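Engineer: how does the following fold in three dimensions:
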Amino acid sequence: MAESHLPRFLGGTPTRLSRPLLLLLLLATAASTLLLPSPLAAAPAILVAALAGVWCERIGRVLLPLLAGAALTSGTSTGQLATGAALALVLVGQAWLVARCATAASASRSHALRAVSERADDVRAAQQSQQELVGQLHYWSTHDALTGLLNRSAFLRLVDAALATGQPTGVLVVSVADFTGVNERLGDPFGDAALTELARRLVSTARGGDIVARLGGDSFGVLLSGMVERDAPAVAKRLVDPLAVPYQHEDDAVSLRVRSGVAAWAGDGDGHQTARALVRAAEAATRRCTAGQPTVVVGTSHPVPQQENGLTEADLARGLEADELFLLYQPLVSGKTGLMIGVEALVRWRHPVRGLVPPDAFIGLAERTGLIVPLGLKVLELAVAQLRAWTLQAPALTIAVNVSARQLVEPGFVEDVRRVLWGSGVDPTRVVLELTESLLVDDSEAAVAVLWQLRGLGVRLALDDFGTGYSSLARLGDLPLDEMKIDKSFVDRLGALPRDSATLVTAAVAMGQGLGLEVVAEGVETAAQAAFLREVGCDLLQGYLLGKPQPADDIARQFNVLMLPKPGAIPTPRPEDRVFVPQVQPSAERR
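Structural biologist: This is a model prediction of the structure:
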């Protein structure tokens, strides 16, 4: 019985040190027999006997009676022996208590280590999940949902990159003649299937270095790096001929008639060229082509002046001097209250000849020529002045102003912002500077340093068009950001795709709020989109549903006006579109 229960009583199974320890106890017993009074001498003798019975099994069976007999024959009476046994039990109890405490401490440490390890695993899983989300957002912002090809904006960036190398570059544009009529006769499902098959054929016949994209509707583009103008007809024929093969529709074969055009740039010696201009030239050549006839080829053998849509640098500089630029304002509405709590300032140009010029027609020109710096400062001055004028009517209203990466690294930009703010007397926290996501991708140390200086002025910083670049979560957490704006391309897809876009938008909202950012959804155009975004907790909504860009007087009439129905007054999203996204809280206070 002692052999089976005493090991558990002592807290564990003996180790290799047991026998050496027993030998030391035997020596201590011999010494105590000579030096200590009989009761005290009996205690270690009995303890040694007990331990020998536990740890040494057969040897213990011999030592136990021998040691007890030695204790008795050494003049120890029965009472003294009982006293010694009691002392031995006390020693055993103390040993058991120490062993149990050590075991409990070890178990507690093990549990704590397991908990830390599990938490670390959870954090890593959440970070990986969120990083995958960023990748998905980037993919959907740069790719066509139907064909999986690059979209127009991504294609233009790659064309610009190819032109920057100075090597000969060509762009082929292919479109389907009377595609609207095809859809009407055969139905949208066939139209979608035909476009997908057309995309597949272009990809399969393109060279390894060529890039195929869907430019919109029934129009496709191919970037032909290294192609010179004399090779264009043969290259185009190789790409376009397979598109004439009939497409299967139920039991019938349907032929699609395509038109194609190529624009070729000879390289550095052919003057400056831009992606937009080259693609527009190819699209113009396509429109000149008769369906089913050979590709129309155009060259760009003359220098292209610094212009955009016929507007030149001199035109824009004159417009700035003449104060022809003005602002319109688009409402930002709270998802919780349905009230307007901010506006975004959007620049327009009232040209004396062309009339109202939209920003897409001149912002690119301003960026390339450097006029974006004085233009951006002008916009900031006008916006802050209008915010001051609204202060009595809407003292908490905020105003957002777009800032380009070029402005951000311009010497003196922070001082310009400081001067505008101090000169107006406006609370800096009511001014939001919107930055493009490319800033995070480029990871310019100078630009990041400027962000912290701007934060020191008290202004709020927003990341615009989130999802169109490939920003990392580490960068998002490190920068002094206050807001994150989900790009319009994701909101547009709400309802168009069964789950993908809804899942990504839901996850983006959760991720942004998990990083302590206020989340804004751009491009809200339907009540269903607004309902979904409010259901998933999006903080601010912006889009034509809530108001187009409009003059300041029209904005003032909407202060304290309910711009969204009360929650529950419009249909809520489908349950299957609600997903859980693990969140990682910021490790430190970032503000």
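
Engineer: which pLDDT does the model give Pro14?
Structural biologist: For Pro14, the pLDDT comes out at 47.

Engineer: can you check Ile59 too?
Structural biologist: pLDDT, Ile59: 51.

Engineer: tell me who's in contact with Gln248.
Structural biologist: Counting by C-beta atoms under 8 Å, 6 or more residues apart in numbering, Gln248 touches Val254. (Each C-beta comes from the backbone N, C-alpha and C, glycine too.)

Engineer: any idea how far Val203 is from it?
Structural biologist: Distance check for Gln248 against Val203: by C-beta to C-beta, to the nearest Å, it reads 19 Å.

Engineer: kindly report the same for Leu380.
Structural biologist: For Leu380, the distance to Val203 - C-beta to C-beta - is 45 Å.

Engineer: counting neighbours, what do you get for Val459?
Structural biologist: By other C-beta atoms under 10 Å, the residues close to Val459 number 19.

Engineer: my error: substitute Gly355 in the last question.
Structural biologist: 8.

Engineer: report the beta-bridge partners for it.
Structural biologist: Beta-bridge pairing for Gly355 (DSSP bridges): His351.

Engineer: can you offset everything so residue one is 58?
Structural biologist: Fine by me, first position is 58 from now on; the one you just mentioned is Gly412.

Engineer: in the helix or strand where Leu335 lies, what counts as buried?
Structural biologist: Using DSSP states H and E, Leu335 falls within helix 332-345. Using 16 or more other C-beta atoms under 10 Å as the test for burial, helix 332-345 gives Ala332, Ala334, Leu335, Val336, Ala338, Ala339, Glu340, Ala342, Thr343.

Engineer: for those residues, which one is nearest Trp447?
Structural biologist: Relative to Trp447, the closest of the buried residues of helix 332-345 is Ala332; by C-beta to C-beta it sits at 39.5 Å.

Engineer: next up, phi/psi of the nearest residue to that closest one once chain neighbours are set aside, please.
Structural biologist: The shortest distance from Ala332 to any non-neighbouring residue, by C-beta to C-beta, 6 or more residues apart in numbering, is to Val216 (3.6 Å). Backbone torsions for Val216, taken as degrees, to the nearest 10, come to phi -60, psi -40.

Engineer: go on, the one 3 residues further on?
Structural biologist: Summarising the backbone geometry of Ala219 under the convention degrees, to the nearest 10, its torsions are phi -70, psi -40.

Engineer: ok, Ile456 next?
Structural biologist: Ile456 adopts backbone torsions of phi -130, psi 130, taken as degrees, to the nearest 10.

Engineer: tell me the pLDDT at it?
Structural biologist: pLDDT recorded at Ile456 is 97.

Engineer: outline the domain layout of the protein.
Structural biologist: The record's domain split for the chain, according to automatic domain parsing, is 59-159, 209-359, 384-634.

Engineer: pLDDT on the second one, on average?
Structural biologist: Just to be clear, that refers to domain 209-359. The model assigns domain 209-359 a mean pLDDT of 82.

Engineer: my guess is Ala211 meets Ala270, correct?
Structural biologist: Yes: using C-beta atoms under 8 Å, Ala211 makes contact with Ala270 at a distance of 6.9 Å.

Engineer: what's in contact with whichever helix or strand Val507 is part of?
Structural biologist: Counting by DSSP H and E, the element that carries Val507 is helix 502-514. Residues from elsewhere that reach helix 502-514 (C-beta under 8 Å, 6+ apart): 462, 465-466, 470-471, 474-475, 478, 485, 490, 492, 496, 518, 536-537.

Engineer: give me the buried subset of those residues.
Structural biologist: 462, 465, 470-471, 474-475, 478, 485, 490, 492, 496, 518, 536.

Engineer: I'd like the residues you listed laid out as JSON lines, including distance to Lys542 and secondary structure.
Structural biologist: Listed next are the buried ones among the contacts of helix 502-514 as JSON lines, based on distance: C-beta to C-beta, whole Å; DSSP: H, G, I helix; E, B strand; the rest coil:
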{"residue": "Ala462", "distance to Lys542": "16", "secondary structure": "helix"}
{"residue": "Leu465", "distance to Lys542": "17", "secondary structure": "helix"}
{"residue": "Phe470", "distance to Lys542": "21", "secondary structure": "helix"}
{"residue": "Val471", "distance to Lys542": "23", "secondary structure": "helix"}
{"residue": "Val474", "distance to Lys542": "20", "secondary structure": "helix"}
{"residue": "Arg475", "distance to Lys542": "25", "secondary structure": "helix"}
{"residue": "Leu478", "distance to Lys542": "22", "secondary structure": "helix"}
{"residue": "Pro485", "distance to Lys542": "20", "secondary structure": "helix"}
{"residue": "Leu490", "distance to Lys542": "12", "secondary structure": "strand"}
{"residue": "Leu492", "distance to Lys542": "10", "secondary structure": "strand"}
{"residue": "Leu496", "distance to Lys542": "13", "secondary structure": "helix"}
{"residue": "Leu518", "distance to Lys542": "11", "secondary structure": "strand"}
{"residue": "Leu536", "distance to Lys542": "14", "secondary structure": "coil"}
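
Engineer: where is pLDDT lowest across the residues you listed?
Structural biologist: Out of the buried ones among the contacts of helix 502-514, that is Leu496, at 61.

Engineer: what helix or strand is Val279 on?
Structural biologist: strand 276-282.

Engineer: just the CA trace of that strand, in CSV.
Structural biologist: Presented in CSV, the C-alpha positions along strand 276-282 are these (Å, rounded to 0.1, in the frame of the first residue of the first chain):
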residue,chain,number,x,y,z
SER,A,276,-13.7,47.7,-75.4
PHE,A,277,-10.4,45.9,-74.7
GLY,A,278,-6.8,47.1,-74.8
VAL,A,279,-3.4,45.4,-75.2
LEU,A,280,-0.1,47.0,-74.2
LEU,A,281,2.5,46.1,-76.8
SER,A,282,5.9,46.9,-75.2
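
Engineer: for the following helix or strand past it, buried residues please.
Structural biologist: Using DSSP H and E, the helix or strand that directly follows strand 276-282 along the chain is helix 289-297. For helix 289-297, burial by neighbour count (16+ other C-beta under 10 Å) applies to Ala289, Val292, Ala293, Leu296, Val297.

Engineer: returning to what we had before: what helices or strands is the strand holding Val279 leaning on?
Structural biologist: Counting contacts by 3 or more C-beta pairs under 8 Å, 6 or more residues apart in numbering; DSSP states H and E, strand 276-282 packs against helix 209-221, strand 226-233, helix 245-262, strand 268-273, helix 289-297, helix 332-345.

Engineer: and for Pro416, the neighbour number?
Structural biologist: Around Pro416 there are 16 other residues, counting by other C-beta under 10 Å.

Engineer: one more: Ala270?
Structural biologist: For Ala270, using other C-beta under 10 Å, the count is 28.

Engineer: contacts only, for it.
Structural biologist: The contact partners of Ala270, taken as C-beta under 8 Å, 6+ apart, are Asp201, Leu206, Leu207, Asn208, Arg209, Ala211, Phe212, Phe277, Gly278, Val279, Leu280.

Engineer: let's see that with 6 Å instead.
Structural biologist: Applying C-beta atoms under 6 Å, 6 or more residues apart in numbering to Ala270 gives the contacts Leu206, Leu207, Phe212, Gly278.

Engineer: leaving out sequence neighbours, find the closest residue to the third one.
Structural biologist: By the measure of C-beta to C-beta, 6+ apart, the closest residue to Phe212 outside its immediate chain neighbours is Ala270, 3.6 Å from it.

Engineer: does that neighbour have beta-bridge partners, and which?
Structural biologist: Where Ala270 sits in a bridge, its partners, by DSSP bridges, are Leu207, Gly278.

Engineer: Ala451 versus that one, what's the distance?
Structural biologist: Per C-beta to C-beta, Ala270 is found 44 Å from Ala451.

Engineer: re earlier: could I get the helices and strands packed on strand 276-282 as JSON lines with distance to Val319?
Structural biologist: Listed next are those as JSON lines, based on distance: least, C-beta to C-beta, whole Å:
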{"stretch": "helix 209-221", "distance to Val319": "13"}
{"stretch": "strand 226-233", "distance to Val319": "5"}
{"stretch": "helix 245-262", "distance to Val319": "14"}
{"stretch": "strand 268-273", "distance to Val319": "14"}
{"stretch": "helix 289-297", "distance to Val319": "5"}
{"stretch": "helix 332-345", "distance to Val319": "6"}
